[in-house]
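K.L.:
Below are the sequence and a predicted model for it; my questions follow.
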Amino acid sequence: MAVRLKQAGLENVVLLERAHDVGGTWRDNTYPGAACDVPSHLYSFSFAPNPDWSRSFSPQPEIWDYLRRVAKDYDVVRHVRFGHDVTDARWEPEANRWRVHTTGGTVTAQFLVSGCGPLADPSIPDLPGLRSFQGRVFHSADWDHGYDLTGRKVGVVGTGASAIQFIPEIQPKVAKMRVFQRTPAWVIPRHDRDITTVERRLYNAVPAAQRLARTLIYWGRENYILGFAKNPRLLKIVEKLALANLRRGVTDPELRRRLVPDYTIGCKRILLSNDYYPALNAPNADVVTDSIAEVQPDAVVTRDGTRHEVDALIFGTGFHVTDSPIAHRIRDAQGVLLADRWNQGPGMNALRGTTVAGYPNLFLLAGPNTGLGHTSQLFMLEAQIGYTMAALRYAHDRGVDRLEPRAEAQESYTRWVQEKMEGTVWVTGGCDSWYLNEHGRNTTLWPGFTWDYKLRTCRFDPGNYHLRTLPGAGRSRRRARRLRGAR
């Protein structure tokens, strides 16, 4: 977002970052084996291709290095105020500004953009007795690298995308590993490989070759939607791949039975791994399917009364997604939190997943129903950024000081999204996933092709907005020309 604003000639841009460096989830998630499950060439900004990816699925350090390099190359870092955790942001209609309080001070802004991703704040279940545990406890997103797991008895809670990456890494080190599984995941092979020196040289010398590779990956991934949202029966092919992967990795028939999901593949995120099943099949590993009753100072007790002694508990239990933490810090003119506004209805919703009625001049990146379960999230983010830039161009070109979506337009859009969601595997697949809120509505994912979303956000739609110019609001034709030139 900052890159696009600067390219449009706008330098009065401030980024508020609570941490010490840029990078978001790829800065924070440093657990062993952390890597992307979207191919590298697609999991990068369209305006900043990286011809030097080392693998087809990039590891965490490489992605973090890429993000820091982009921030530096595009002169974004000087706009960042590190150590500024936003505690409260409130719209002040008299001043036509957002007043944003942070741990590092207060700023005001005419336009406020939330770049808070959904995979940012770890979610740890409130297990009875957890506070009494005398061993080491940490979440995968806050990995304790100072704690040596060698020879320890380790309990892992959760079997999601992070857990299947770190479990194979720690299994050979620990004395005993117990994986407390609430719901098994569908896991298909990970076709990962080194990107050869010849390929990297080609991409550096002929950028069009990398763009072609990116395009082919994009359309290959886009075809997944045919099964997810159009005809779930097509997913039977993928299910057979997952079952074959399970048979190769697990020899014990009883363990294999415990690892077969009872829901349609795709209902939860499909995971990629070649070594997860072999790790669970190892002699020092055990998969526990009875639910956790309580945690004692030195053990986890399951509902069947079994005590599982552990020295450490590692949570791979995901993040706060449908209860967006930033929504608990954004207030309208009356002081109503965005989280409370959403809780009054069926959950998170926003026009184009980006703007919210009652909260003028606010844009949400990675907002409601803009997430993906099959391809690169960066594609959706760039579409949202394009929509935000179109709105800002419109405002500057016409001297508009305030824009706010009409409630009826937002409601109509939300109904349309949920109607499209009907019949998708995420709703009919028979699972309880982090895509769904407490009302059983999928407020997280986009229910179709990403190119469709791109078309719907390629231009600003002023008819769906309340627009006003406050008295004395001047218009800078020079800035307007710059914005038009950046289209």
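P.N.:
Cool, the structure landed. Numbers count the residues shown, from 1 in each chain.
K.L.:
which parts of stretch 391-402 are buried?
P.N.:
391-396, 400-402 (16 or more other C-beta atoms under 10 Å). The C-beta positions use only the backbone N, C-alpha and C, and glycine is treated the same way.
K.L.:
Please narrow those to those residing in strands.
P.N.:
Judged by DSSP state E, strands contain the following of these: residue 402.
K.L.:
how about the buried residues of stretch 391-402, which pair is most distant?
P.N.:
Farthest-apart pair in the buried residues of stretch 391-402 is 393 and 402; separation 15.6 Å (C-beta to C-beta).
K.L.:
All the helices of the stretch 1-150 of the chain, in order from the start?
P.N.:
Secondary structure of the stretch 1-150 of the chain, counting by DSSP state H, counting those that start in this stretch: helices at 2-7, 25-28, 60-73.
K.L.:
and if you look at the stretch 301-450 of the chain?
P.N.:
Going by DSSP H, counting those that start in this stretch, the stretch 301-450 of the chain shows helices at 338-343, 377-398, 407-421, 425-428, 450-456.
K.L.:
Tell me where the stretch 151-300 of the chain has strands.
P.N.:
153-157, 176-180, 187-188, 271-272, 285-288, 292-296, 299-302 (DSSP state E, counting those that start in this stretch).
K.L.:
Pull the residues that contact the third one.
P.N.:
Think strand 187-188. 164, 238, 241-242, 245-246, 270-273, 276-277 (C-beta atoms under 8 Å, 6 or more residues apart in numbering).
K.L.:
Just the buried residues of those.
P.N.:
Buried members of the contacts of strand 187-188, scored by 16+ other C-beta under 10 Å, are 164, 238, 242, 245-246, 270-273, 276-277.
K.L.:
coming back round to it: want to throw the helices of the stretch 1-150 of the chain into a markdown table with mean neighbour count and mean pLDDT?
P.N.:
Shown next, in a markdown table, are the helices of the stretch 1-150 of the chain (neighbours: other C-beta atoms under 10 Å; pLDDT from 0 to 100):
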| stretch | mean neighbour count | mean pLDDT |
| --- | --- | --- |
| helix 2-7 | 18 | 97 |
| helix 25-28 | 19 | 96 |
| helix 60-73 | 17 | 98 |
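K.L.:
and the residue nearest to residue 200 when sequence neighbours are not counted, how far is that from residue 401?
P.N.:
Among residues not flanking residue 200 along the chain, residue 52 sits closest, at 5.6 Å (C-beta to C-beta, 6 or more residues apart in numbering). Using C-beta to C-beta, to the nearest Å, one obtains 44 Å as the distance from residue 52 to residue 401.
K.L.:
now do residue 377
P.N.:
In terms of C-beta to C-beta, residue 377 sits 32 Å off from residue 401.
K.L.:
so how many other residues sit close to residue 134?
P.N.:
Other residues within reach of residue 134, judged by other C-beta atoms under 10 Å, total 9.
K.L.:
what residues are up against residue 234?
P.N.:
The contact partners of residue 234, by C-beta under 8 Å, 6+ apart, come to 226-227.
K.L.:
Tell me the pLDDT of it.
P.N.:
We have a pLDDT of 93 for residue 234.
K.L.:
where's it relative to residue 223, distance?
P.N.:
Distance check for residue 234 against residue 223: by C-beta to C-beta, it reads 9 Å.
K.L.:
any weak-confidence spans in the stretch 101-250 of the chain?
P.N.:
For the stretch 101-250 of the chain, no stretch has pLDDT under 70.
K.L.:
try 90
P.N.:
Applying pLDDT under 90 to the stretch 101-250 of the chain flags the ranges 117-118, 232-233.
K.L.:
dump the residue contacts of residue 426.
P.N.:
Residue 426 makes contact with 228, 266-267, 373, 433, 435-436, 442, 445, 447 under the criterion C-beta under 8 Å, 6+ apart.
K.L.:
7 Å instead, please
P.N.:
Residue 426 is in contact with 267, 433, 435, 442, 445, counting by C-beta atoms under 7 Å, 6 or more residues apart in numbering.
K.L.:
Number of residues surrounding the nearest residue to residue 460 once chain neighbours are set aside?
P.N.:
Counting by C-beta to C-beta, 6+ apart, residue 460 lies nearest to residue 390, which is 3.9 Å off, once chain neighbours are set aside. Counted with other C-beta under 10 Å, the neighbours of residue 390 add up to 18.
K.L.:
And the pLDDT at residue 390?
P.N.:
Note for residue 390: predicted pLDDT of 98.
K.L.:
Got the phi and psi for the nearest residue to residue 282 once chain neighbours are set aside?
P.N.:
The shortest distance from residue 282 to any residue other than its chain neighbours is 5.7 Å, reached at residue 171 (C-beta to C-beta, 6+ apart). The phi and psi torsions at residue 171 (degrees, to the nearest 10) take the values phi -60, psi -40.
K.L.:
wait, doesn't residue 171 sit right on residue 279?
P.N.:
Yes: here residue 171 reaches residue 279: they are 4.2 Å apart, a contact under C-beta atoms under 7 Å.
K.L.:
Need the residues touching each of these two.
P.N.:
residue 285.
K.L.:
ok, residue 204 - contacts?
P.N.:
residue 51 are the contacts of residue 204 under C-beta under 7 Å, 6+ apart.
K.L.:
Centre of the chain to stretch 52-62, how far?
P.N.:
How far stretch 52-62 lies from its chain's middle: 18 Å, per C-alpha atoms, centre = their mean, to the nearest Å.
K.L.:
measure it end to end?
P.N.:
10 Å (C-alpha to C-alpha, to the nearest Å).
K.L.:
Over to stretch 244-262?
P.N.:
End to end - C-alpha to C-alpha - stretch 244-262 spans 16 Å.
K.L.:
List the buried residues of it.
P.N.:
Judged by neighbour count using 16+ other C-beta under 10 Å, the buried positions of stretch 244-262 are 245-246, 249-250, 255-256, 259, 261.
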